[in-house]
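1. Have a look at this prediction, sequence included:
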Amino acid sequence: MTSQIPPPRARDGTPARPLIPHEDWDRAPWNRYTFQHVREFVPTVPVRRGDWVAPVPISLASLGAVEFESNGVRQSVDEFLRTSDTDGLLVLYRGAIVAEHYGNGMTPVTSHLSQSMSKSMVAAVAGILAGRGLLDIAAAVTDYLPEFAATAYRDATVQHLLDMTSGVRWDETYTTPDSDCAKMDAASGWKSRKDDSWPRCMWELICTLTTLECPHGERFRYRSIETDVLGFTLQRAAGRPLAELMSDELWGPLGAEQDAYFTVDPAGYACASGGFNATLRDYARFALMLANRGTIVGRRVVPEAWVTATRAGNPALFGAPYRDVLPNGAYHNQFWLERPVDGPFMARGVFGQILYVDPEADFAAVKLSSWPEFVDVARLKTALAALRAIRTGLARVDGTCR
């Protein structure tokens, strides 16, 4: 008979932090805890909020009974929340919070890892700097970072980075031990280096990317490293660290209620591609600002022209496997487009992070999760179906069903 060692408990009798292996801290099952406690596992840098908080009215609606069908299964929103490893869900309609749900111990003041939703927020900073004339998105990356002339980015533009169409060879496989993503985990400070040949930081990792797989601009292919090249570009263009840029240009003007933070690599660089952490309500403020075409509570944060341009992607560059989820979609300015020009658009991250915006419906939603899988097409389709059903249900209530 095998004896069971009781779990450690804090002085007040509540369960203490589980014993989590460092090399797997961001993987299941540990992510159910770690995505809300990232500071305990890797170095971070704060992204300070400003001196005001954007008020968001609350007008809760009864949405749990709303039903939808996905992957041949019909269920209610309440059932979906119970079975989808949801840590938080917030829905905005006509500028007000109409639903706010927390699970897995999360609270309104808990920060949660955004994963690749971070990419879209960094891109918003690019739009702000471009609107101010500090960044030329048509310029070559090497105009800002001449050190990368020896890499495959030598003829790429900033727009190529924003659209992930650089043509640089990159292996985005998350679970292969020697993939570029595995090296990125180590270079970002999230994991240990396999040996001394692996890059010590994100800058060194980018310097190893010297091969093109296709001409720049030929097609979209998801490459997380593009956002980190963009992050270094923004730092050089503005002459300030990325975390400071995010605070001064986005988080403060947005009226965030809480400080946020980035994870940082061993050289102190803030991880643009997936290291941002914030509360559900503050992610929702970012979504609300986008739904209002760049403003929040009447204050301009992102140029309206940038938001409009972001929604006009090129579906011809968007092929398999991305059409499995968005058959009419595109990718532009580090956002996923449900359909180009006038459709909903979204920020997404592995393990189930979704920020969904539909300006025409005056609707936005944020779902924070800790899925056991990096990517699951069926789970993602179900989550999007749930959000669309909620949007339709809200529109029916006030007689504006689309």
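-> Noted; the coordinates are in hand. Numbers count the residues shown, from 1 in each chain.

2. And the helices in the protein, which stretches?
-> Remark: helices assigned in the chain by DSSP state H are 31-34, 77-83, 117-131, 141-144, 158-163, 180-187, 202-207, 225-238, 242-245, 280-291, 304-310, 377-397.

3. which ones are touching Glu69?
-> Residues counted as contacts of Glu69 (Cβ atoms under 8 Å, 6 or more residues apart in numbering) are Gln75, Ala385. Bear in mind the C-beta positions are built from the backbone N, C-alpha and C, glycine included.

4. For it, list each beta-bridge partner.
-> Note on Glu69: beta-bridge partners by DSSP bridges are Arg74.

5. ok so, going back, looking at the helices of the chain, which is closest to Tyr102?
-> Taking Cβ to Cβ, helix 280-291 is the member of the helices of the chain nearest to Tyr102, at 7.5 Å.

6. Just the pLDDT at the residue nearest in space to the middle of the chain, thanks.
-> With distances taken as Cα atoms, centre = their mean, Met117 lies nearest the centre of the chain, 0.5 Å away. Listed pLDDT for Met117 reads 98.

7. Let me know whether it touches Arg348 as I believe.
-> Yes. Contact criterion Cβ atoms under 8 Å: Met117 and Arg348 qualify, at 6.7 Å.

8. Need the residues touching each of these two.
-> By Cβ under 8 Å, 6+ apart, the residues touching both Met117 and Arg348 are Ile354, Leu355.

9. ok, back up a step: for the residue nearest to the centre of the chain, which residues are in contact?
-> With contacts defined as Cβ under 8 Å, 6+ apart, the neighbours of Met117 are Phe276, Tyr283, Ala347, Arg348, Gly349, Gln353, Ile354, Leu355.

10. thinking again about what came up before, now the helices of the chain in CSV, with distance to Glu69?
-> Listed next are the helices of the chain as CSV, based on distance: least, Cβ to Cβ, whole Å:
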stretch, distance to Glu69
helix 31-34, 28
helix 77-83, 11
helix 117-131, 26
helix 141-144, 45
helix 158-163, 33
helix 180-187, 34
helix 202-207, 42
helix 225-238, 34
helix 242-245, 42
helix 280-291, 25
helix 304-310, 30
helix 377-397, 7
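
11. Mind checking those for the one nearest to Thr110?
-> helix 280-291 (7.8 Å).

12. What distance do you get for Pro177 to Ala385?
-> For Pro177, the distance to Ala385 equals 34 Å [Cβ to Cβ, to the nearest Å].

13. Of those two, give the one with the bigger neighbour count.
-> Between Pro177 and Ala385, counting by other Cβ atoms under 10 Å, Ala385 is the more crowded of the two (17 against 8).

14. Buried residues of stretch 148-168, list them for me.
-> By 16 or more other Cβ atoms under 10 Å, the buried positions in stretch 148-168 come out as 148, 151-153, 155-168.

15. One more: stretch 327-347?
-> 329-340, 343-347.

16. Residues touching it, excluding its own?
-> Applying Cβ under 8 Å, 6+ apart, the contact partners of stretch 327-347 are 114, 116-117, 119-123, 126-127, 162-164, 220, 222, 227, 230, 290, 306, 309-315, 317-318, 322-323, 326, 348, 353-358, 360-361.

17. What's the ChimeraX syntax to select whichever of those are buried?
-> The ChimeraX command for the buried members of those (criterion: 16+ other Cβ under 10 Å) is given here:
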select :114,116,117,119,120,121,122,123,126,127,162,163,164,220,227,230,290,306,310,311,313,314,315,317,318,322,326,348,353,354,355,356,357,358,361
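
18. tell me, how many neighbours does the residue lying closest to Gly349 once chain neighbours are set aside end up with?
-> Distances taken as Cβ to Cβ, 6 or more residues apart in numbering put Gln115 closest to Gly349, at 2.8 Å, once the chain neighbours are dropped. Other residues within reach of Gln115, judged by other Cβ under 10 Å, total 26.

19. and Gln115, what does it touch?
-> Residues near Gln115 by Cβ under 8 Å, 6+ apart: Gly274, Gly349, Val350, Phe351, Gln353.

20. now the residues you listed in a markdown table, with distance to Gly131 and pLDDT?
-> As requested, the contacts of Gln115 are arranged in a markdown table below (distance: Cβ to Cβ, whole Å; pLDDT from 0 to 100):
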| residue | distance to Gly131 | pLDDT |
| --- | --- | --- |
| Gly274 | 25 | 98 |
| Gly349 | 26 | 98 |
| Val350 | 30 | 98 |
| Phe351 | 32 | 98 |
| Gln353 | 27 | 98 |
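
21. Highest neighbour count among those?
-> With neighbours set by other Cβ under 10 Å, the maximum within the contacts of Gln115 is found at Gln353, which has 26 neighbours.

22. and it, how far is that from Cys181?
-> Counting by Cβ to Cβ, the gap from Gln353 to Cys181 is 17 Å.

23. Which residues are in contact with the closest residue to Ala65 other than its chain neighbours?
-> Among residues not flanking Ala65 along the chain, Ser76 sits closest, at 5.6 Å (Cβ to Cβ, 6+ apart). By Cβ under 8 Å, 6+ apart, the contact set of Ser76 is Gly64, Ala65, Val66, Glu67.

24. In PyMOL, how would I select the buried members of those?
-> Here is the PyMOL command that selects the buried residues among the contacts of Ser76 (16+ other Cβ under 10 Å):
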select buried, resi 66
